[in-house]
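Peer 1: Any chance you can model this:
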Amino acid sequence: MKIALIAHDKMKPEMIEFARKYKDLLKNHELVATGTTGHKIIAATGLNIKCFRSGPLGGDQEIGSRVANGEIDMIFFFRDPLTAQPHEPDVSALLRLSDVYKIPLATNISTAEHIIHKLD
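Peer 2: So this is what the prediction gives:
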């Protein structure tokens, strides 16, 4: 399964902890991530992750393109709901694409944990 990992700046620590906790499940899948998030997860876990650009520099769009081309099966996107994002249109487009192509998308830790337990 191809899984995308994305986190806004204030949510990166939570995403890193999630990746550490579920490293043994995640390592069995093809992982991609936006740049900063991916590099931080790699440093913390040693997981093999293909990193795209940082979200504000087009990384969300790169992942969205892969969703549209059937190359992503699941997205964990820990969003910061209390901070305005300069690339909000890109974020909205990615959320819309996940709905259009029926890709499971977790935007918070609770949903992510429910979804990841289905990977067992």
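
Peer 1: List the buried residues for the least confident helix or strand in the chain by mean pLDDT?
Peer 2: Counting by mean pLDDT, DSSP states H and E, the chain has its least confident helix or strand at helix 88-100, which shows a mean of 92. Within helix 88-100, the residues that count as buried by 16 or more other C-beta atoms under 10 Å are 90-91, 93-95, 97-98. In short, each C-beta sits where N, CA and C put it, glycine included.

Peer 1: which residues does the residue lying closest to residue 59 once chain neighbours are set aside contact?
Peer 2: The shortest distance from residue 59 to any residue other than its chain neighbours is 3.5 Å, reached at residue 34 (C-beta to C-beta, 6 or more residues apart in numbering). For residue 34, the contacting residues are 5-7, 51-55, 59-60, 62-63, by C-beta atoms under 8 Å, 6 or more residues apart in numbering.

Peer 1: Okay, and which of the residues you listed map to strands?
Peer 2: Among the contacts of residue 34, the members falling in strands (DSSP state E) are 5-7, 51.

Peer 1: now, the most widely separated pair of those?
Peer 2: Across these, the longest distance by C-beta to C-beta is 12.8 Å; it joins 7 and 51.

Peer 1: more crowded one of these two?
Peer 2: residue 7 (26 against 20; other C-beta atoms under 10 Å).

Peer 1: chain center to the least confident helix or strand of the chain, what's the gap?
Peer 2: 13 Å (C-alpha atoms, centre = their mean, to the nearest Å).

Peer 1: Pull that helix out as CSV, backbone CA atoms only.
Peer 2: Provided in CSV are the C-alpha atoms of helix 88-100 (Å, rounded to 0.1, in the frame of the first residue of the first chain):
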residue,chain,number,x,y,z
GLU,A,88,-4.4,26.6,2.0
PRO,A,89,-5.7,26.3,-1.6
ASP,A,90,-3.2,23.4,-2.1
VAL,A,91,-4.4,21.8,1.1
SER,A,92,-8.0,22.1,0.1
ALA,A,93,-7.3,20.7,-3.3
LEU,A,94,-5.6,17.6,-1.7
LEU,A,95,-8.6,17.1,0.6
ARG,A,96,-10.9,17.4,-2.4
LEU,A,97,-8.9,14.9,-4.5
SER,A,98,-9.0,12.4,-1.6
ASP,A,99,-12.8,12.6,-1.7
VAL,A,100,-13.0,12.4,-5.5
